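Trainee: here is the input, now give the coordinates:
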Amino acid sequence: MRFTDLDFAFNERQELMRRTLHELLERVCPPEYAMQCDKKGEAPVQAYKAMADDGWIGVSTPEEYGGMGGDALDLALVLETAGMHYLDLATMIFRNVCYGVDALLESGTDAQKQDFIPATIQGEKYFAFSLTEPDAGSDAAAIIARADREEDRFRLTGTKNFTSGMPTATHILVAARTDNSGAKHEGITNFIIPADAKGVTWSKLDLLGHRAMGTCVVHYDAVEAGIEDVLGEVGDGWKGLMAYITTERLCLSAARTGAAAAALELALNHAKERKQFGRPIGKFQAVSHMLTEMHMLVDTARLQVYRFAWLVSQGKAGRIEAATLKLYAGEAYKRVADLGVQVMGGYGYSGEYAMERHYRDARLATIGAGTSEVQRNIIAKALGL
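Mentor: Residues are numbered from 1 along each chain as shown. Just a heads-up that it's a prediction; the model follows:
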């Protein structure tokens, strides 16, 4: 593609899509609803189901499974718009699209696809993702949860940390070790098991932010699974996990960019309305420069998201591009939220305003799903360093 071929404008369908979704979310996910979900630690199921009823969860799902058949940019626009209204709504969409729909499209059997995909985009089935362990965080391939095999049956045993979505999940995508004889990336198998399966117990973690995400510690005590519950090939699960990262990076970055844009809007409106020393505080250069930086961060993150979505649609998204996007969008949201609190002062520090939630939620952006330090390592390695 020549540089002159680049088009930074959305087509008429995409503009209509954004506008229609925004109008829906203004009705089903107003600020009061988001604040209530956050304070109660309850998933925004009502808003999610409203989106599912209108087909938004399946925006990028092939039409043969009941989806809209859209592309990666369509998915990014949905996540960004949802993130503007409530980040935990966007992460709920991401979790089911990434670890449900897209994981099945990538690795599932025909039977698994037919069983799970239509029901997931219709809001009837919900996924949690169980990978991280007490001693396997950034070094995710070091998992020790095991799945002992007896012919075509398995027994899963182990403990998983930071499994999000358990309070609403009907199923769990869980990675376990089926073979210890090779390298740590080998011998990992992915399973889809019912969240209420015998031997599955969980307890919710009390987190700083993302309180409605339902992040839990999950214990698997000889949980039975069959060969039909394996997602992909036995022992080749790491390959699948790496493939799902593309959707993960896109969805999370788009959602956080939307949340950052919402934080910017909050701070900007406050700076225009709040008066001190006889004039709006936005007229003071110190405040206006903070807002300028926030705008630059949001604008650049948004361009990164759209570029990566285009790369995905062209089959050109590589590991360095994914790491760059995740790193920049996460750091941008964290910085924007921090500046937003500073602009709003005591109001930004108060739980009565959404900025305080942005500040808490943004802290995870440089930690979860791959720390900023790990992303820098990936980029450095790709540069030959």
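
Trainee: tell me how far the spatially most central residue of the chain lies from Ala9.
Mentor: Computing the C-alpha centroid of the chain and ranking residues by C-alpha atoms, centre = their mean puts Leu252 first, at 3.7 Å. Per C-beta to C-beta, to the nearest Å, Leu252 is found 25 Å from Ala9. In short, each C-beta sits where N, CA and C put it, glycine included.

Trainee: try Ala254
Mentor: With C-beta to C-beta as the criterion, Ala254 and Ala9 are 18 Å apart.

Trainee: equivalent analysis for Leu291, please.
Mentor: 26 Å.

Trainee: same deal with Asp236?
Mentor: For Asp236 relative to Ala9 (C-beta to C-beta), the value is 42 Å.

Trainee: for this structure, what spans make up the strands?
Mentor: With DSSP state E as the criterion, the chain has strands at 127-130, 146-150, 153-164, 171-177, 188-194, 200-204, 215-226, 230-231, 275-276, 279-280.

Trainee: what is the fifth one packed up against?
Mentor: Counting contacts by 3 or more C-beta pairs under 8 Å, 6 or more residues apart in numbering; DSSP states H and E, strand 188-194 is packed against strand 153-164, strand 171-177, strand 215-226, strand 230-231, helix 237-273.

Trainee: what lines up beside the shortest one in the sheet?
Mentor: This means strand 230-231. Using DSSP bridges, the strands paired with strand 230-231 in its sheet are strand 188-194 (antiparallel).

Trainee: quick check: buried residues in the strand it pairs with?
Mentor: In terms of neighbour count (16 or more other C-beta atoms under 10 Å), strand 188-194 has its buried residues at Ile188, Thr189, Asn190, Phe191, Ile192, Ile193.

Trainee: can you list the residues you listed in JSON lines and add pLDDT and distance to Ala365?
Mentor: Formatted as JSON lines, those follow (pLDDT from 0 to 100; distance: C-beta to C-beta, whole Å):
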{"residue": "Ile188", "pLDDT": "96", "distance to Ala365": "27"}
{"residue": "Thr189", "pLDDT": "96", "distance to Ala365": "30"}
{"residue": "Asn190", "pLDDT": "97", "distance to Ala365": "26"}
{"residue": "Phe191", "pLDDT": "98", "distance to Ala365": "29"}
{"residue": "Ile192", "pLDDT": "98", "distance to Ala365": "28"}
{"residue": "Ile193", "pLDDT": "98", "distance to Ala365": "29"}
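
Trainee: let me know the closest of these to Ile172.
Mentor: Looking at these and their distance to Ile172, the nearest is Ile193, at 5.5 Å (C-beta to C-beta).

Trainee: thought that closest one was touching Leu156?
Mentor: Yes: with contacts counted by C-beta atoms under 8 Å, Ile193 reaches Leu156, the gap being 7.2 Å.

Trainee: tell me the contacts of Val223?
Mentor: Going by C-beta atoms under 8 Å, 6 or more residues apart in numbering, Val223 touches Arg155, Leu156, Thr157, Ile193, Ala197, Lys198, Gly199, Val200.

Trainee: burial check on the second one, number of neighbours?
Mentor: If you count neighbours by other C-beta atoms under 10 Å, Leu156 ends up with 27.

Trainee: quick one: it from Phe94, how far?
Mentor: Taken as C-beta to C-beta, the span from Leu156 to Phe94 is 25 Å.

Trainee: before we move on, back to that, and the buried residues of strand 188-194, which is closest to Gly41?
Mentor: Ile193 (24.6 Å).

Trainee: contacts only, for that closest one.
Mentor: Each residue near Ile193 by C-beta under 8 Å, 6+ apart is listed here: Leu156, His171, Ile172, Val174, Val200, Val223, Ala225, Asp229.

Trainee: tell me which of Leu291 and Ala9 has more neighbours.
Mentor: Leu291 (19 against 7).

Trainee: okay, the more buried one: pLDDT?
Mentor: Per-residue pLDDT puts Leu291 at 99.

Trainee: ditto for Met68
Mentor: 97.

Trainee: who's in contact with it?
Mentor: So Met68 contacts Gly55, Gly58, Val59, Ser60, Thr61, Asp74 (C-beta under 8 Å, 6+ apart).

Trainee: grab the nearest non-local neighbour of the first one.
Mentor: Of all residues beyond its chain neighbours, the one nearest Gly55 is Met68 (5.9 Å), with distances taken as C-beta to C-beta, 6 or more residues apart in numbering.

Trainee: for stretch 335-348, which positions count as buried?
Mentor: In stretch 335-348, counting by 16+ other C-beta under 10 Å, buried: Arg335, Val336, Ala337, Asp338, Leu339, Gly340, Val341, Gln342, Val343, Met344, Tyr347, Gly348.

Trainee: contacts for it?
Mentor: 260, 263-264, 266-267, 270-271, 274, 281, 287, 290-291, 293-294, 297-298, 349, 353, 355-356, 358-359, 361-362.

Trainee: which among those end up buried?
Mentor: 260, 263-264, 266-267, 270-271, 281, 287, 290-291, 294, 297-298, 353, 355-356, 358-359, 361-362.
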